[in-house]
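[1] I'd like to go over a predicted model; first the sequence, then the structure.
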Amino acid sequence: MADTNALPLVLLTEQFAKLPGIGMKSAQRLAYHVMSMSEEEAKAFADAISSVHSKVHLCRRCQNFTEKDICSVCSDGKRDHSLVCVVESPKDITAFEGSREFNGVYHVLHGLLSPMENIGPQDLKITELLKRIDTEGITEVIMATNPTVEGESTAMYISKLLKPLGVKVTRLAFGLPVGGSLEYADKETLNEAIKNRNEI
């Protein structure tokens, strides 16, 4: 951003540029858009960001984002709590829920194993998953990580931990290209992937 801009505008642009997929030009446009808001709109925008950090936390069971102690999926008595779908991030749950076909519950890892980025098992919510197996009567775990090298290695690692516990571990039958992302899959593809999952 040019030196002629006010410092608060420069700082706001730099903050927007830290968001994934936002370059400096897009960040600058967003900063100028904020400047065009009324004071009331700008305050509501700032309050929404602040509220996310103060009110949203991880569900005690599945590690999804929620405002409550237990999220709405985990507290739903009509769902099959013996069937757990393990995903990388909360946005993957949104994709599955959009398909309206899956009636089990979820577990969010909040990442994937990646030695290149120094992300090991201790950095993921794997221990929390193992505790659930002990206490919740889970009979099947569906590994729904993306079909990438990291996703596959994470699925295999967790499968090796769960097999001795007598839990059936399955993998989605991906109709996605290798390296694809669940976030962008259409609901028909996700439905077929759930129905045709394979044991690993």
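    Happy to help now that I have it.
[2] For residue 132, what is the enclosing helix or strand?
    Element membership for residue 132 (DSSP states H and E) is helix 126-135.
[3] cool, residue 29 as well?
    helix 24-36.
[4] average model confidence for that helix?
    Averaging pLDDT along helix 24-36 yields 95.
[5] Going forward, count from 312.
    Sure, I'll start numbering at 312, so the last one becomes helix 335-347.
[6] Let me know the angle separating the very next helix or strand once past it from helix 335-347.
    Once the chain leaves helix 335-347, the next helix or strand it forms, by DSSP H and E, is helix 350-366. Between helix 350-366 and helix 335-347, the angle comes out at 120 degrees (axes from the mean of the first three to the mean of the last three CA atoms, to 10 degrees).
[7] I'd like to know how far residue 435 sits from residue 419.
    Applying CB to CB, to the nearest Å, the value for residue 435 to residue 419 is 9 Å. Placement of C-beta: from N, CA and C, glycine included.
[8] okay, these two: which has more neighbours?
    Between residue 435 and residue 419, counted using other CB atoms under 10 Å, the more crowded position is residue 419 (25 against 21).
[9] For the more buried one, list the residues it contacts.
    Applying CB atoms under 8 Å, 6 or more residues apart in numbering to residue 419 gives the contacts 369, 373, 374, 375, 398, 399, 400, 401, 403, 404, 436.
[10] those strands in this protein, which residues are they?
    In the chain, the strands defined using DSSP state E lie at 368-369, 376-377, 394-398, 416-419, 451-454, 479-482, 509-510.
[11] Lowest average pLDDT across those strands?
    Minimum mean pLDDT among those: strand 509-510, a mean of 68.
[12] Closest to the centroid, which residue in the chain?
    Geometric centre of the chain, nearest residue: residue 400, 1.5 Å, by CA atoms, centre = their mean.
[13] From residue 326, how far out is that residue?
    To residue 326, residue 400 is 22 Å away according to CB to CB.
[14] Single out the most deeply packed of the strands of the chain.
    With neighbours defined as mean count of other CB atoms under 10 Å, the strands of the chain peak in mean count at strand 416-419, which reaches a mean of 26.
[15] where does the chain dip in pLDDT?
    In the predicted model of the chain, residues 312-315, 485-493, 495, 499, 503-504, 506-507, 509 satisfy pLDDT under 70.
[16] Show me how it divides into domains.
    Per automatic domain parsing, the structural domains of the chain span 318-366, 373-510.
[17] hey, which of those is tucked in deepest?
    Counting by mean count of other CB under 10 Å, domain 373-510 has the highest mean neighbour count of these, with a mean of 17.
[18] Start and end of that domain, how far apart?
    Its first and final residues considered, domain 373-510 spans 22 Å by CA to CA, to the nearest Å.
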